[in-house]
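K.L.:
need the 3D shape of this:
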Amino acid sequence: MQIFDLKASRCPDAMLYIRRAIDAASKGMFTGELEIRTIEQSIERDLPYYVAQIEHVTIVDVHSTSLSESTKVEWVENDDAIEDDVSDVHKQIIFKLSFTPC
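P.N.:
Next up, the predicted model:
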């Protein structure tokens, strides 16, 4: 399984990155599973609509998990986020996508 962690990316960037990843995987004949991790809440609404338009890609699982304070601190320290972007975030949404052969 491949993991694509968007960390603190927010829309519209988060959805743009996801679209690029899915398109690249589909065109590159990737088969297997891709796990997408995001804090952007609108992806829960947008990703199912996007995936429904793509052949051979399905969402097989969606769940959320608590986002730890240590993860937020790590993102800020590594310049993956600024403190204001993650201070009010408490969960991360995890999507598991399955890519089947064409």
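K.L.:
find the residue at the geometric middle of the chain.
P.N.:
residue 36 (3.3 Å; Cα atoms, centre = their mean).
K.L.:
any idea how far that one lies from residue 42?
P.N.:
Distance, residue 36 to residue 42, using Cβ to Cβ, to the nearest Å: 13 Å. Just so you know, the C-beta spots here come from the backbone N, C-alpha and C atoms, and that holds for glycine as well.
K.L.:
list the contacts of residue 46.
P.N.:
11, 15 (Cβ atoms under 8 Å, 6 or more residues apart in numbering).
K.L.:
and the helix or strand hosting it, average pLDDT?
P.N.:
Taking DSSP states H and E as the definition, residue 46 sits inside helix 43-52. When pLDDT is averaged along helix 43-52, the result is 96.
K.L.:
tell me the buried residues in the helix or strand following it?
P.N.:
The helix or strand immediately downstream of helix 43-52 is strand 57-66, counting by DSSP H and E. Neighbour-count burial for strand 57-66 flags residue 57 (criterion: 16 or more other Cβ atoms under 10 Å).
K.L.:
what pairs with strand 57-66, parallel or antiparallel?
P.N.:
Strands adjacent to strand 57-66 in the sheet, as given by DSSP bridges, are strand 91-99 (antiparallel).
K.L.:
mean confidence for the partner strand?
P.N.:
So the average pLDDT for strand 91-99 ends up being 97.
K.L.:
that one versus helix 43-52: what angle between them?
P.N.:
With axes from the mean of the first three to the mean of the last three Cα atoms, to 10 degrees defining the directions, strand 91-99 sits at 10 degrees from helix 43-52.
K.L.:
who touches strand 91-99?
P.N.:
For strand 91-99, the external contacting residues (Cβ under 8 Å, 6+ apart) are 1, 22, 25-26, 30-41, 43-44, 47, 51, 56-67.
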